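Q: Would you be able to build a 3D model of this:
(chains A, B, C and D)
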2 protein chains.
Amino acid sequence: MPKPTLSIEFLGAAAEDYLPHLAVDCVVFGFHAGQLRILLTHWHARQRWSLPGGFVRRDESVDSAAHRVLQLRTRLDHVYLQQYHTFGGLDRRDEEIEHMLDHEDGRQAARAWINDRFVSVGYYALVDWTEVTPTPDGVLTDECRWWDLATCPPLLFDHDAMVARALATLRSQLGHSPIGLNLFSETFTLPELQRLYEAILGRPLDRRNFQKRMRELGILERVGELRGAGVRRAPYLYRFDRPRYEQALREGILLRR
Amino acid sequence: MPKPTLSIEFLGAAAEDYLPHLAVDCVVFGFHAGQLRILLTHWHARQRWSLPGGFVRRDESVDSAAHRVLQLRTRLDHVYLQQYHTFGGLDRRDEEIEHMLDHEDGRQAARAWINDRFVSVGYYALVDWTEVTPTPDGVLTDECRWWDLATCPPLLFDHDAMVARALATLRSQLGHSPIGLNLFSETFTLPELQRLYEAILGRPLDRRNFQKRMRELGILERVGELRGAGVRRAPYLYRFDRPRYEQALREGILLRR
DNA sequence: TTTAATTGTGTCCGCCGTACACGCTACGGT
DNA sequence: ACCGTAGCGTGTACGGCGGACACAATTAAA
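A: Next comes the predicted model:
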């Protein structure tokens, strides 16, 4: 299969079908082995990593564009996805990428289009990483995979700042809406949920107070007991009580600090 | 003085100097006579009102564009201005305006530029209304003035939703940062400050608890007593203690509910 | 059987937000 | 001159929630 030439067509349409100068970028959070992770894509032209992003079709809303981009990189539909900030500085370009693209094959118009200034609307997503099929676009990026948030490399453009702000937003939201549902498969244990909260907040929580609060929220449903999990007492399994969970989301209750 | 023809030049430059499809709109909050007010501009072509807005130059950041737009409409520099959401739906057009612009004088390219789809980055500003000089652009809009938030007319485009979301953001911020500084002139009384908080929150507050909390914050400095203000005891005048105020802003302390 | 590790649950305390009462100051009416 | 009234300033009491903390239960390995 021949390598696709550089053009905007790899997105499935011609450049004229997209809004110029406008992009969406997604900070896709997952959780595994006690670590918060994000999905990154690798630019072969630069041998560095960036957030998955894309452009906005003229016939779709910006929110729809974010969902579409996320679907292309994860194969997931109906993801929890929140716009959190728009990045419009003048320092968002990467001259090396622009220089290298200028020497790529492909139509001059497409290169100029991509190399122009962009304003980017930032979204963050919470996903169950086991359901994700990381998928690079195969043109600008040749790899797409999870990175531990703590150990991921410096990113292209201003994407480090985008990640930092997404995480700050997630933290500030954590007390107001129950987040866990989107990051776990169907069932989970309270210690797992606590490790998630600790990973997001970046500080340890008291196990007893955490469990008490979670129980009092009334959005958890005990399913059974997880057995044979090691040299210790087995924790209970829980699932979210959907109606109560969504009610709590609407009312925006919860933990404060 | 002849009426300017319809073109993008009224902004001080040619259309090529601006990013197409991208706008900034500002919800400018003021406070007067116990009422929260916003600054609106009147479109003569449509005989209706909208938020003050503008476009983004290719050589300025989106934040700078918002400050510039605000300066043009208020003559104010260094305003407290916060980006809060980007509106990118497909339902943001006003067909009547587009139709009427098509029959205006002016270059066809400028009409097409303005009539195309726009994504708008929303900002809200807090200003001392006494310092504002409302200034219409004189081309698309012929009037610019304050409206009581409670009684302002339905706005053009999706600006009603933009105002609602700005107000919701302001409310949620109110507990985390001390807001008042930007909305008052140098000095004010605690009853005035309380009326501001009540106007933002949309509910009455207990006077005694409000004063106690404000005193305990340690960011107010008592100046003197306001005398002869009517048939009652005169309230004290306060000003903000700048160093402590800015420290509180950094630490993001404060009221919860 | 003992021990280590980890989970589930209850109690206590202190802070903060809320409800509430009283004294103070000015002016106007009598 | 006196008192009533309207609005301002301050203090006290209670309750709820979060944070610190102790103990019993369960499992598998020593």
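
Q: what about residue A:244, which SS state?
A: helix (DSSP: H, G, I helix; E, B strand; the rest coil).

Q: what's the closest non-adjacent residue to it?
A: residue A:219 (4.6 Å; C-beta to C-beta, 6 or more residues apart in numbering or on different chains). The way it works is simple: take the backbone N, C-alpha and C, and place the C-beta from them, glycine included.

Q: Got phi/psi on the one you found?
A: The phi/psi pair for residue A:219 (degrees, to the nearest 10) reads phi -110, psi 0.

Q: Equivalent analysis for the one 3 residues further on, please.
A: Residue A:222 has phi and psi values of phi -80, psi 130 when expressed as degrees, to the nearest 10.

Q: and the gap between it and DNA strand D?
A: Plainly put, residue A:222 is 14 Å away from DNA strand D if you go by C-beta to the nearest atom of the strand, to the nearest Å.

Q: How about residue A:167?
A: For residue A:167, the distance to DNA strand D - C-beta to the nearest atom of the strand - is 19 Å.

Q: Doesn't that residue belong to a strand?
A: No. Assessed with three-state DSSP, residue A:167 is helix; it does not lie in a strand.

Q: ok so, going back, I figured the residue nearest to residue A:244 was touching residue A:249, is that so?
A: No. Using C-beta atoms under 8 Å, residue A:219 is not in contact with residue A:249; the gap is 9.2 Å.

Q: out of those two, which sits in the more crowded spot?
A: For the pair residue A:219 and residue A:249, the greater number of neighbours falls to residue A:219 (23 against 16), based on other C-beta atoms under 10 Å in any protein chain shown.

Q: For the residue nearest to residue A:91 when sequence neighbours are not counted, grab phi and psi.
A: The shortest distance from residue A:91 to any non-neighbouring residue, by C-beta to C-beta, 6+ apart, is to residue A:158 (6.5 Å). Here is the backbone geometry of residue A:158 (degrees, to the nearest 10): phi -100, psi 30.

Q: which stretches of chain A have low pLDDT?
A: A:1-14, A:105-106, A:227-231, A:252-257 (pLDDT under 70).

Q: and it, which of its residues are near DNA strand C?
A: A:189-191, A:207-209, A:211-212, A:215, A:230-236 (C-beta under 7 Å from any atom of the strand).

Q: tell me the SS of the residue in the stretch 101-250 of chain A positioned nearest to chain B?
A: Per C-beta to the nearest C-beta, residue A:121 is where the stretch 101-250 of chain A lies closest to chain B, at 5.2 Å. What three-state DSSP gives for residue A:121 is strand.

Q: give me the number of residues near it?
A: Other residues close to residue A:121 by other C-beta under 10 Å number 26.

Q: Could I get the contacting residues of it?
A: Contact analysis of residue A:121 by C-beta atoms under 8 Å, 6 or more residues apart in numbering or on different chains lists A:22-25, A:62, A:66, A:83, A:86-87, B:86, B:88, B:119.

Q: Look up how far residue A:125 lies from the residue most central in space within chain A.
A: By C-alpha atoms, centre = their mean, chain A has its centre lying nearest to residue A:28, at 0.9 Å. Here the distance between residue A:28 and residue A:125 works out to 5 Å (C-beta to C-beta, to the nearest Å).

Q: Spit out the residues that contact the two alike.
A: residue A:70.

Q: before we move on, the earlier item: filter the residues of chain A next to DNA strand C down to the buried ones.
A: A:189-190, A:211, A:235 (16 or more other C-beta atoms under 10 Å in any protein chain shown).

Q: Among these, which lie within helices?
A: A:190, A:211 (DSSP state H).

Q: that older thread, so which other helices or strands are in contact with the strand or helix carrying the residue nearest to the centre of chain A?
A: Element membership for residue A:28, per DSSP states H and E: strand A:18-32. Secondary-structure packing of strand A:18-32 (3 or more C-beta pairs under 8 Å, 6 or more residues apart in numbering or on different chains; DSSP states H and E): strand A:35-43, strand A:53-57, helix A:62-74, strand A:119-126, helix A:159-174, strand B:18-32.

Q: if we can go back for a sec, so who does the residue nearest to residue A:244 touch?
A: A:178, A:240-241, A:244-245, A:248.

Q: ditto for residue A:141
A: Residue A:141 neighbours (C-beta under 8 Å, 6+ apart): A:41-44, A:50.

Q: Could you identify the most distant pair in those residues?
A: Spatially, the most separated pair among those is A:44 and A:50, at 11.9 Å (C-beta to C-beta).

Q: the more surrounded of those two?
A: residue A:50 (20 against 14).

Q: Skipping adjacent residues, who's closest to the more buried one in space?
A: residue A:156 (4.1 Å).

Q: Likewise for residue A:224?
A: residue A:237 (5.3 Å).

Q: Remind me what the helix or strand containing that neighbour packs against, helices and strands.
A: Per DSSP H and E: residue A:237 is located in strand A:236-240. Packing contacts for strand A:236-240, counted by 3+ C-beta pairs under 8 Å, 6+ apart, involve strand A:188-189, helix A:190-201, strand A:220-225.

Q: could you dump it to CSV, C-alpha only?
A: Provided in CSV are the C-alpha atoms of strand A:236-240 (Å, rounded to 0.1, in the frame of the first residue of the first chain):
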residue,chain,number,x,y,z
TYR,A,236,-16.5,-5.6,47.1
LEU,A,237,-17.3,-4.9,43.5
TYR,A,238,-19.5,-1.9,42.7
ARG,A,239,-21.3,-0.5,39.7
PHE,A,240,-22.8,2.9,39.2
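
Q: and that strand, is it in reach of DNA strand D?
A: No. Strand A:236-240 stays clear of DNA strand D (C-beta under 7 Å from any atom of the strand), getting no nearer than 10.6 Å.

Q: if I pick the nearest residue to residue A:84 once chain neighbours are set aside, what's in contact with it?
A: Once flanking residues are discounted, residue A:84 sits nearest to residue A:169: 4.4 Å by C-beta to C-beta, 6+ apart. Going by C-beta under 8 Å, 6+ apart, residue A:169 touches A:82, A:84-85, A:124.
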